[in-house]
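Colleague: sequence and predicted structure, then a few things I'm wondering about:
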Amino acid sequence: AQADLEMEFRVSTPEIPLTSPETWLNVEVQTAKTRPEGSVNWSSRRIEGVYTIIPVVQGALYRAANRVIVVRVGDAQVESFMPPIPRTPDPNADWSEWYRPHTVDPPYGTTPLAPLTSKLELRYRVRVWGN
């Protein structure tokens with residue numbers, strides 16, 4: 001069955017830019033053969049305590065042994081997540097735990113002035129189309 005990978009990114013609210021936040025996150029779900037982008041749903045973001053939760057959907061989900069979720073955070077950094085998503089995920093499973101990025105890198109061709117620290121955490125679930 002066709003399915004979507006639903007993700008939520010948790011970020012400290014003061015980290016989000018006040019102007020043009022829509023261009024602040026770019027999400028790509030990389031497999032060995034694909035690089036589909038996720039659709040960031042800024043209109044559905046919500047506040048939970050000191051965090052803003054930003055929903056993202058990537059569909060149709062491709063079967064893959066490994067996935068790397070690459071997030072470009074503005075012009076400042078690239079955070080890569082490697083959550084343990086099985087090749088055929090359980091579409092009835094609830095949200096995963098929150099994951100920190102595996103790596104935090106500067107944008108290609110730049111050298112940071114100080115060590116970069118992650119801004120995001122990720123959780124995910126899979127939903128079959130029509131459910």
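Modeller: That came in fine, so what should we check first? This one's a predicted model, so the numbers in the text were calculated from it and none came from an experiment.
Colleague: from now on I want contacts and neighbour counts done on CA atoms only, so please keep to that.
Modeller: Will do.
Colleague: right, and V73 touches E79 too?
Modeller: Yes. V73 is in contact with E79 according to C-alpha atoms under 8 Å; the separation is 7.3 Å.
Colleague: who's more crowded, the two?
Modeller: With neighbours defined as other C-alpha atoms under 10 Å, V73 and E79 compare such that E79 has more, 24 against 20.
Colleague: what about P115, neighbour count?
Modeller: 9.
Colleague: ok, now the one 10 residues further on?
Modeller: A count of neighbours around R125, defined by other C-alpha under 10 Å, yields 20.
Colleague: run through this protein and note the low-pLDDT ranges.
Modeller: Applying pLDDT under 70 to the chain flags the ranges 1, 130-131.
Colleague: so where do the helices sit in it?
Modeller: Using DSSP state H, no helices are assigned anywhere in the chain.
Colleague: and the strands in it, which stretches?
Modeller: For the chain, the strands defined by DSSP state E cover 3-12, 25-30, 39-40, 46-48, 51-59, 68-73, 77-81, 103-105, 120-128.
Colleague: any idea which of those gets closest to E97?
Modeller: Closest to E97 of these is strand 120-128 (C-alpha to C-alpha; 5.8 Å).
Colleague: what's near enough to touch D90?
Modeller: Neighbouring residues of D90 by C-alpha atoms under 8 Å, 6 or more residues apart in numbering: V126.
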